[in-house]
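> sequence and predicted model, in that order:
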Amino acid sequence: MNKSDSIKLDYYKQNTDYSDRILEGNNEKSIFPKDSSIRIWYNELPNDYPSHWHNALEICVPIENYYDVDVDNESHHVMPGDILFIPPRKSHYLHAPQSGSRYICLFDIDFFSSMRGYSGLMNMLKDCIHITPEGFAPIYNEIFDLFSQIWNEYFQKTEFYEFSIYSHLFQIMTILSRYQLNKIHLFTESTPVKRREYFEKLNTVIDYIDENYAYDITLEDAASYSGFSKFHFSRLFKEYMGCTFYDYLINQRIKATEVLLTRDDLSITDIALQSGFSSISTFNRTFKLKKGCTPGEYRSLFSGGLVKEKGSSAKATK
């Protein structure tokens, strides 16, 4: 893979605003340019980036030589041309070889949450997606071509380039989502019309859960909202989301607490109640079961004193 055969790109001018990595605990802050929600690095450095997390979707694409990425203790050996999606708020460690180059793309996708189907998309992105030419052969060329257009738009900084980049990213996510859904053969006993109906109703009820997780909603409430019987809803929901209704509800509450625990102005009891847990004891028990640590331990790990990594430059960072 070559950088760009047709267009000479200035890989550093676009990121001259950047000076230092800013960490609060392991949380990397201020990663985007001012008034922007996109940052793309063309990185040639042999530097490792120890365990950190941020609110952005991160996508790594090696161009020359491999790149090793650990995400929640799962290792990915990413070869040139592979595409690795790292979900937002996932702790990850980047290991660089002594020579090579790669694109590292950071996108704020939280504003997608107002769109229908967002939760189904994020369910697909709950774990890393490692796209290889062989494993994703039917869609690989189309996705890689769209990424190439994203890099060209970003480093040329043409008019309305952010609109263009997000339009390409939307295409990539749509192609990938549909491919993943077709790959796992959901609702195969049903007709195409019935499958579309199922997807529509389930996405509607997922939006309902996402908007109301902090309240005392039940399986019966969700089934009624979907228009299915409780038994039929439970079966379809688990097939679509890979978990039960109650597991999904609890996971949404836990995700909400993860964000709130990075704030110092709320007590753990306030966070538990704001997120839909009936008591602090239930929250503590559930959080430790899901995350492997107590809420207090998590708060200590993911927040804390402000740390700046000095001596970096636009060329010498991600």
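Sure, I can see it.

> my read: residue 78 touches residue 69, true?
Yes: look at residue 78 against residue 69 with Cβ atoms under 8 Å: they come within range, at 6.0 Å. Where you see a C-beta, it was placed from the backbone N, CA and C, and this is true even at glycine.

> tell me, what's touching these two both at once?
Here residue 78 and residue 69 have 60, 84 as joint contacts, going by Cβ atoms under 8 Å, 6 or more residues apart in numbering.

> any idea how far residue 90 is from residue 126?
The span separating residue 126 from residue 90 equals 9 Å under the rule Cβ to Cβ, to the nearest Å.

> pull the number of nearby residues for residue 115.
A count of nearby residues for residue 115, using other Cβ atoms under 10 Å, gives 11.

> shift numbering so it begins at 42
With the count now opening at 42, the last piece we talked about shows up as residue 156.

> tell me who's in contact with it.
Residue 156 neighbours (Cβ under 8 Å, 6+ apart): none.

> contacts for stretch 203-222?
77-79, 148, 150, 158, 161-162, 165, 170, 172, 177, 179-180, 183-184, 187-188, 190-191, 194-195, 199, 240.

> next one: that stretch to chain centre, how far?
Relative to its chain's centre, stretch 203-222 lies at 13 Å (Cα atoms, centre = their mean, to the nearest Å).

> same question, stretch 163-176
11 Å.

> any idea of the mean pLDDT for it?
Taken as a whole, stretch 163-176 has an average pLDDT of 86.

> what are the buried residues along it?
163, 164, 165, 166, 169, 170, 171, 172 (16 or more other Cβ atoms under 10 Å).

> neighbours of the residue nearest to the last one when sequence neighbours are not counted, how many?
The spatial neighbour of residue 172 that comes closest, neighbours along the chain excluded (Cβ to Cβ, 6 or more residues apart in numbering), is residue 124 at 4.1 Å. Residues near residue 124, counting by other Cβ under 10 Å, number 23.

> is it correct that residue 124 is in contact with residue 183?
No: Residue 124 lies out of contact with residue 183 (Cβ under 8 Å); the separation is 11.8 Å.

> hmm, back to that, narrow the contacts of stretch 203-222 to those in strands?
79, 148, 170, 172 (DSSP state E).

> identify, from those, the entry nearest to residue 96.
Proximity of the ones in strands among the contacts of stretch 203-222 to residue 96 was ranked by Cβ to Cβ; the top entry is residue 148 with 10.3 Å.

> grab the nearest non-local neighbour of the closest one.
residue 98 (4.8 Å).

> OK, contacts around residue 298?
So residue 298 contacts 312, 313, 316, 324, 328, 336 (Cβ under 8 Å, 6+ apart).

> let's see if you can find the most crowded of these.
For the contacts of residue 298, the largest number of neighbours (other Cβ under 10 Å) sits with residue 328, at 27 neighbours.

> look at that one and tell me its secondary structure.
helix (DSSP: H, G, I helix; E, B strand; the rest coil).

> contact partners for it?
By Cβ under 8 Å, 6+ apart, the neighbours of residue 328 are 295, 298, 334, 335, 336, 339.

> buried residues, the helix or strand that contains the first one. List them.
Secondary structure assigned from DSSP states H and E places residue 295 in helix 286-301. The neighbour-count criterion (16+ other Cβ under 10 Å) identifies 286, 289-299, 301 as the buried residues of helix 286-301.

> same thing with stretch 302-314?
Quick answer for stretch 302-314 (16+ other Cβ under 10 Å): 302, 303, 309, 312, 313.

> for that stretch, which outside residues touch it?
Contacts of stretch 302-314 (Cβ under 8 Å, 6+ apart): 65, 68, 298, 301, 315, 320-321, 323-325, 336-337, 339-340, 343-344.
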